[in-house]
Each structure stands twice: as C-alpha cells, then as structure tokens.
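Visitor: Sharing a model prediction with you, sequence too.
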Amino acid sequence: MKPNFIIAGAPKSATSWLVNALKRHPDTYLPRSELHFFNIKENYARGFDWYCGKFDPGKGRRAIGEKTPNYMWITPAPHKSRFGTHLPDIHKAIHRLLPDVKLIFVLRDPVDRLVSAFNHYRRSGQFSPYWDLEDVVFGRKAHLGDKYGLIDMGLYAKHLEAYYQLFDRSRLKVIITETDIKGAADKTLMEICRFLDIDPGHPEMNPGKEVNPFDPIRVSQAYLNYLNPFPNVKSLKRGARFASKILRGPPLEKYVPDEGVLKRIAGIYAEPNQKLFSLIDRQDVDWR
C-alpha cells in the first residue's frame, strides 16, 4: 500500500509532535518509526515493495503516511550518515515513485534548530560531549558539522525549492514551529486535516506538550556513545560491568552557546531566510 502523505522535514523542528497529533486521529496511519527509505541507500535497495509493505496495517484509513525529516536534506553527493549512506536527489526519487504524494515540512528558527541538533548529536554519540559548538560550526571540526548538515539543513529555501520544482504547490504544506505550532496549534492541526482530506473536527488531537524533549544522561554515558555510537547487544553486555563503574559522573547538561556564536550563525541564515519567506509567501515569521 502506497502512502499518500509524508512529513519530510525538518529535523529537530517538532515533527514528532505532529506525528503524535496525527496518530490520535482515527482516519490516519503512520508506522511507529522513521523509515529512512528514500534517503538511505541500504534501505532504498530493499525495494519499493518493501517500503509499501510498511503501510499495509493502515488499510482502510484515508491518510496513510510516514515521517522521515531527513528527506528534506537535498545533498549534492552520497555520503555516510549515522543511518547508512545518505543519498542525493531524494526529492526526485519521491516524485518518481510517489508523484501524487502530499508533503509536509515543519520549519523551526534555523539557529535554534542547529543548537538542538548539536545537543542531540552530543547525546547520541555523533559528537563528543566535550566539543564546543563554535569549533564544530566554524573551527577545526567544521567538516564534521558539515557531514551532519548542521548549517546546511537550516538552509530551508534551497531544499524546498527542489521540491517546489517537481511538485505542485497544492501538494506542499509548510508549517512554522514558532508561529503555527507554539502560537496556534489547534488551528494548524485543523488546516493539516483539511490538507490531508480528513475530518478536521478532532480537537483532542493536540498533544499539548513537547515531544522528544532534551533528556539528560551522564557525561560518561555520552562519551561512551561517542566512542561506540552503534553498539550491539553483545558489546553492551560485555561492557556493562565497566560502564557501571564510570556512569556515576555529572549529568550532561544542555549546551547553551555564547551569544556571539549565535549571532554569527544567525548571520549565515539572514539572507536564506528572506528567500524562504518569499518562496512560501510568509512574512509573519519572527526568527532572529
């Protein structure tokens, strides 16, 4: 069964909140986890039938879809990511296999999105918990920031333009986290229901709270994640006795960058943000 909608971006912008809301609607179905089919070579090689099979439990629902925020990240060449080999031209693959699909993009202030992503990578092991944001964005570790799209994922206009060139505007829905979710969640959910052609009369959809908030772990655990970000069960058991001795240090606090660093990052996004606002015809967004 083919999906008829995809939440395609952006990472760390409240896409999980939207999924949680849509799952409360009786006319929708979404798989439990992100599928990463169009953006990861190893998954794409499993074939379109494998992908469509993930939606079979939703038979009979009006809105059947998935959420993989990394679909928005249009990269020029294949490269290794935490999930596998990240593919370029994701938008073209989606259009070729699902030409009539509806696409939803949730966009957050790109500076805040970048900081949130940096904290996520420190926690999950892509970055060391001892690294500094300025070094990863502007310094000697900037190549690692580039690998995970810290700056590039926030260049929303560039990525969305690629989708706008292939899909009709009527099939694209762009939501601004600060304005449309934090400022008018119920109204926005009704608009999304209409966009998906399902009954908008379900106000109980609104989860009313943040999904996937920052969950502190100990610095020592974060550093173990960095040394071995994808451990298997056997290695976990083998290292359990060692880990139990060292996982007693201080908690990993959320990283708060210096205001000067935030201003430098905001400068990168100033012009691209204006291009975005023109592209999506929104002038009511107050990003830094």
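Guide: That came through, no problem.
Visitor: Strands along this protein, start to end?
Guide: According to DSSP state E, the chain carries its strands in the segments 5-9, 28-29, 63-67, 79-80, 85-86, 102-107, 172-176.
Visitor: Can you name every helix or strand that the fifth one contacts?
Guide: Using 3 or more C-beta pairs under 8 Å, 6 or more residues apart in numbering; DSSP states H and E as the contact definition, the elements that strand 85-86 packs against are helix 41-44, strand 79-80. Every C-beta, even on glycine, is put in place using the N, C-alpha and C of the backbone.
Visitor: Spit out the contact partners of the nearest residue to Arg46 once chain neighbours are set aside.
Guide: For Arg46, ignoring the flanking residues on the chain, the nearest one in space by C-beta to C-beta, 6 or more residues apart in numbering is Phe37 at 7.8 Å. Residues in contact with Phe37 (C-beta atoms under 8 Å, 6 or more residues apart in numbering) are 43-44, 46, 51, 68.
Visitor: What subset of those is buried?
Guide: 43-44, 51, 68 (16 or more other C-beta atoms under 10 Å).
Visitor: With pLDDT as added columns, please give these in JSON lines.
Guide: Shown next, in JSON lines, are the buried ones among the contacts of Phe37 (pLDDT from 0 to 100):
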{"residue": "Asn43", "pLDDT": "96"}
{"residue": "Tyr44", "pLDDT": "97"}
{"residue": "Tyr51", "pLDDT": "98"}
{"residue": "Thr68", "pLDDT": "97"}
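Visitor: Of these, just say which sits nearest to Leu150.
Guide: Using C-beta to C-beta, Thr68 comes nearest to Leu150 of the buried ones among the contacts of Phe37, at 18.7 Å.
Visitor: need the contact list for that closest one.
Guide: Residues near Thr68 by C-beta under 8 Å, 6+ apart: 6-8, 34-39.
Visitor: Relative to Tyr148, how far out is it?
Guide: Note on Thr68: its distance to Tyr148, by C-beta to C-beta, to the nearest Å, is 16 Å.
Visitor: what's the answer for Ser13, then?
Guide: If you go by C-beta to C-beta, the gap between Ser13 and Tyr148 works out to 15 Å.
Visitor: for Ile265, same thing?
Guide: According to C-beta to C-beta, Ile265 stands 15 Å off from Tyr148.
Visitor: and if you look at Tyr29?
Guide: According to C-beta to C-beta, Tyr29 stands 30 Å off from Tyr148.
Visitor: any chance of the helices and strands packed on strand 85-86 in CSV, with distance to Glu178 too?
Guide: Below are the helices and strands packed on strand 85-86 laid out as CSV (distance: least, C-beta to C-beta, whole Å):
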stretch, distance to Glu178
helix 41-44, 32
strand 79-80, 31
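Visitor: between those, which gets nearest to Pro129?
Guide: If you check each of those against Pro129 by C-beta to C-beta, strand 79-80 wins as the nearest, at 21.7 Å.
Visitor: in its sheet, what does the closest one sit against?
Guide: Applying DSSP bridges to the sheet, strand 79-80 is found paired with strand 85-86 (antiparallel).
Visitor: how far is the strand it pairs with from where the chain is centred?
Guide: Mean C-alpha position of strand 85-86 versus that of the full chain (C-alpha atoms, centre = their mean, to the nearest Å) differs by 15 Å.
Visitor: which residues touch it?
Guide: 39-42, 70, 73, 75, 78-80.
Visitor: looking at those, which has the most residues close by?
Guide: Asn39 (28 neighbours; other C-beta atoms under 10 Å).
Visitor: That one is in contact with Tyr71, isn't it?
Guide: Yes: at 5.7 Å, Asn39 counts as touching Tyr71 under the criterion of C-beta atoms under 8 Å.
Visitor: how near is Phe38 to Asn70?
Guide: 9 Å.
Visitor: And Glu178, by the same measure?
Guide: Distance, Glu178 to Asn70, using C-beta to C-beta: 22 Å.
Visitor: swap in Met205?
Guide: The value you get for Met205 to Asn70, if C-beta to C-beta is used, is 25 Å.
Visitor: worst-scoring helix or strand of the protein, pLDDT-wise?
Guide: The helix or strand of the chain with the poorest confidence is helix 233-238; it has a mean of 45 (mean pLDDT, DSSP states H and E).
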